[in-house]
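A.B. asks: Give the three-dimensional model of this entry:
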Amino acid sequence: MNAIEIALLSVGTVSLLVITWRVSLKAGRYHGAYRFFSFESILILVLLNWRYWFDEPFSWHQLVSWVLLIGSIVQAVEGFRLLRVVGKPEGQFENTTLLVKVGAYRYIRHPLYASLILLGFGVLFKQLSGIGALLALVNVGAILATARREEKEMVDRFGSEYTTYMQETKMFIPHIY
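C.D. replies: Just a heads-up that it's a prediction; the model follows:
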């Protein structure tokens, strides 16, 4: 990494820490601590791979990358829309007053986290490398830990309705996991 990339990493890391503190930890939603590591690993992946974003545009790894990145965007947009429209949040989008079980949430419990997994792998495929693969795995591990912690919070918030929802849906991949 060059000096500009290190500066961007430093500013990005501090920004993520501040946001994590203000949005999650201060409010007692501890899943944000795990989510920080997902965002951080994606930030590092982007900084490592930005130079290769448009190299060899029709190579297999670039095509896979674009499919994953577009899938990530679609999942994120749909997830946020459903939380806003159906979940009726109080303040932040995470503070839904109703459990969302329609659209993407009908098939998986965590479309927004699934979008982060797709994003991480989409950036990895821009320029495959060992360190990139390790960062993508850190992202998956952090998202898995985030989802598990958040599910405990959701059971506390929604009770048996969320427990039943967990039995009816998968975490990230419909009908699989």
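A.B. asks: Could you report the separation of the residue nearest to the spatial centre of the chain from L8?
C.D. replies: What sits nearest the mean C-alpha location of the chain, by C-alpha atoms, centre = their mean, is L116, with 2.9 Å. Going from L116 to L8 by C-beta to C-beta, to the nearest Å gives 19 Å. Any C-beta I mention is one placed from the backbone N, CA and C, and that applies to glycine too.
A.B. asks: what's the answer for Y177, then?
C.D. replies: 34 Å.
A.B. asks: who has more neighbours, these two?
C.D. replies: Legend: neighbour count by other C-beta atoms under 10 Å for Y177 and L8, higher for L8 (16 against 9).
A.B. asks: can you pull the contacts of S41?
C.D. replies: By C-beta atoms under 8 Å, 6 or more residues apart in numbering, the contact list for S41 reads 120, 135-136, 138-139, 142.
A.B. asks: Which of the helices or strands spans it?
C.D. replies: Counting by DSSP states H and E, the element that carries S41 is helix 31-49.
A.B. asks: Give me the buried stretch members for stretch 122-142, please.
C.D. replies: Residues of stretch 122-142 classed as buried: 122-127, 132, 135-136, 138-140, 142 (neighbour count, 16 or more other C-beta atoms under 10 Å).
A.B. asks: Nearest to T169 among those?
C.D. replies: Set against T169, the nearest of the buried residues of stretch 122-142 by C-beta to C-beta is V140 (19.0 Å).
A.B. asks: Pretty sure the closest one sits against L116.
C.D. replies: No. Applying C-beta atoms under 8 Å, one finds V140 not in contact with L116, separated by 9.1 Å.
A.B. asks: residues in contact with the residue nearest to the centre of the chain?
C.D. replies: By C-beta under 8 Å, 6+ apart, the contact list for L116 reads 38-39, 42, 72, 139, 143.
A.B. asks: following the strand or helix carrying it, which helix or strand shows up next?
C.D. replies: L116 is part of helix 111-124, with elements assigned from DSSP H and E. Sequence order places helix 130-158 as the next helix or strand after helix 111-124, per DSSP H and E.
A.B. asks: for that next one, packing partners?
C.D. replies: helix 31-49, helix 111-124, helix 160-168 (3 or more C-beta pairs under 8 Å, 6 or more residues apart in numbering; DSSP states H and E).
A.B. asks: buried set for the second one?
C.D. replies: To tie it back to what came earlier, the one meant is helix 111-124. For helix 111-124, by 16+ other C-beta under 10 Å, it's 111-124.
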